[in-house]
Structure formats: C-alpha cells, structure tokens
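Chemist: Predicted coordinates and the sequence they were generated for:
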Amino acid sequence: MSADLPADVTAGLEAHFGDRAEVTESYGDTTIDVPPTDWTNLLEYARDTLGHTYFDWLTGVDEPPDTFAIVAHVYNPDARRRLLLRTRVPRDHPHLPTAVPIYRGANWHERETYEMFGVIFDGHPNLVPLLLPDGFEGHPLRKDFILAARVAKPWPGAKEPGESGHGAPSRRKTLPPGVPADWGPPDA
C-alpha cells in the first residue's frame with residue numbers, strides 16, 4: 001500500500017483489510033477501493049479508526065459496460081485529511097448496503113444515486129425518488145440513457161453556421177449520440 005497517509009494508517013488498513021483494500025493517491029487525494037462486501041466495514045473503519053467523522057458526499061459513476069462505481073468523500077477535521085472511499089457494483093445487480101447507519105448524511109445522497117443510476121441501497125430507511133417528477137422512467141445519469149428531449153424539440157442554443165439566413169451553408173444535420181434513427185427527423 002502506498003498513499004499520502006501516514007505509515008501507521010496504511011499499516012492499520014493492511015492489517016484490517018489485507019489485500020482486499022487498494023490505496024492509491026492521485027492529485028493530492030487518497031482513494032481506498034474495496035469490494036462491495038467490505039463497503040460498510042470501510043466506512044466504519046474510516047469513521048471510527050481513522051477519525052473521518054465528517055461525511056461530505058456520495059455519488060455513482062457509470063463505468064460501462066459492467067459496473068457502477070460508488071464513491072464517498074469523508075473528512076477528518078482534526079487532521080485536515082480527506083479520503084475518497086470507493087467500491088464497484090455490477091450493472092446487472094446494482095445492490096450495496098446502505099451507509100445511513102454509519103453516516104446519517106448519506107441518506108439524501110443514496111436516494112439521489114438510486115434515482116439517477118438505479119443503484120439499490122439495501123436497508124435504506126426511505127429509498128424513494130428525490131428529484132425527478134412522479135412517473136419518470138429510467139435513470140438519467142446512466143450513459144445508456146437516451147436524451148429524448150434533444151429529439152422532441154430543437155436545441156435552444158445558438159444556430160448552426162448558415163442558419164441565420166446569411167453566411168456559409170448549414171452543416172448536415174445529425175441526431176444526438178445514442179438516439180435511435182427511427183425517432184424522427186434530425187431537425188425535429
């Protein structure tokens with residue numbers, strides 16, 4: 001294990017997790033990766049042993065084709081040290097134990113990650129939609145989510161060259177990435 005953590009901390013991680021935890025350092029941030037079975041154990045270890053008592057945020061990252069990464073950012077106010085804690089869940093069965101009993105602040109973040117990515121946090125006290133309108137289908141932060149609004153109405157941004165009535169001719173119109181060809185004309 002090598003990272004920007006003191007030797008006693010990395011030795012403690014190695015003693016506690018063995019080779020199940022991977023510690024890396026990038027751009028001044030220390031990241032600890034564990035398998036999903038060690039997720040709550042890592043959160044408790046960071047809080048109780050490493051002193052990272054402040055829960056900052058938790059989110060998901062879509063990593064096609066097979067996984068979602070779940071990333072939590074915690075902070076030790078006494079040592080002024082932050083950690084990124086990370087695990088990966090399979091796309092075909094995105095379940096992870098909830099972090100709410102360990103960090104109450106994870107509640108809202110897990111609800112948002114559930115809604116936006118479809119990751120289910122087992123044991124969460126109230127895993128219901130948070131931000132999207134009732135009846136919304138899909139998970140909009142997944143990379144395979146089709147942005148239908150780009151097809152249903154014109155993009156409100158600046159016009160393409162040549163569309164203002166003067167200047168160079170317009171470029172060939174294409175559908176936005178990921179939109180099926182049978183969803184209508186590209187200029188819809």
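Modeler: In hand now; what should we look at? Because the structure is predicted, anything quoted here is derived from the model rather than measured. Numbering: from 1, shown residues only.

Chemist: For this protein, give me the ranges with low pLDDT.
Modeler: Residues of the chain meeting the criterion pLDDT under 70: 1-4, 149-173, 176-178, 184-188.

Chemist: which residues does residue 131 contact?
Modeler: Neighbour list for residue 131: 112, 115, 116 [criterion: C-beta atoms under 8 Å, 6 or more residues apart in numbering]. (Glycine included, C-beta is placed from N, CA and C.)

Chemist: any idea how far it is from residue 110?
Modeler: In this structure, residue 131 and residue 110 are 13 Å apart, going by C-beta to C-beta, to the nearest Å.

Chemist: Now do residue 111: how many residues are near it, please.
Modeler: Neighbour count for residue 111, taken as other C-beta atoms under 10 Å: 19.

Chemist: tell me the SS of it?
Modeler: With DSSP: H, G, I helix; E, B strand; the rest coil as the basis, residue 111 sits in helix.

Chemist: Grab the nearest non-local neighbour of it.
Modeler: Spatial nearest neighbour of residue 111, excluding adjacent residues (C-beta to C-beta, 6 or more residues apart in numbering): residue 130 at 4.4 Å.

Chemist: Now do the buried residues in the helix or strand that contains residue 23.
Modeler: Per DSSP states H and E: residue 23 is located in strand 22-26. Neighbour counts using 16 or more other C-beta atoms under 10 Å place residue 23 of strand 22-26 among the buried residues.

Chemist: Run the chain-centre distance for that strand.
Modeler: The chain centroid and the centroid of strand 22-26 are separated by 18 Å under C-alpha atoms, centre = their mean, to the nearest Å.

Chemist: Return the list of strands paired to it, each annotated with direction.
Modeler: According to DSSP bridges, strand 22-26 forms sheet pairs with strand 29-33 (antiparallel).

Chemist: Could I get the buried residue list for the strand it pairs with?
Modeler: By 16+ other C-beta under 10 Å, the buried positions in strand 29-33 come out as 30, 32, 33.

Chemist: Show me what secondary structure element comes after it.
Modeler: Heading C-terminal from strand 29-33, the first helix or strand you meet, by DSSP H and E, is helix 39-48.

Chemist: tilt between that following helix and strand 29-33?
Modeler: Interaxial angle of helix 39-48 relative to strand 29-33 (axes from the mean of the first three to the mean of the last three C-alpha atoms, to 10 degrees): 140 degrees.
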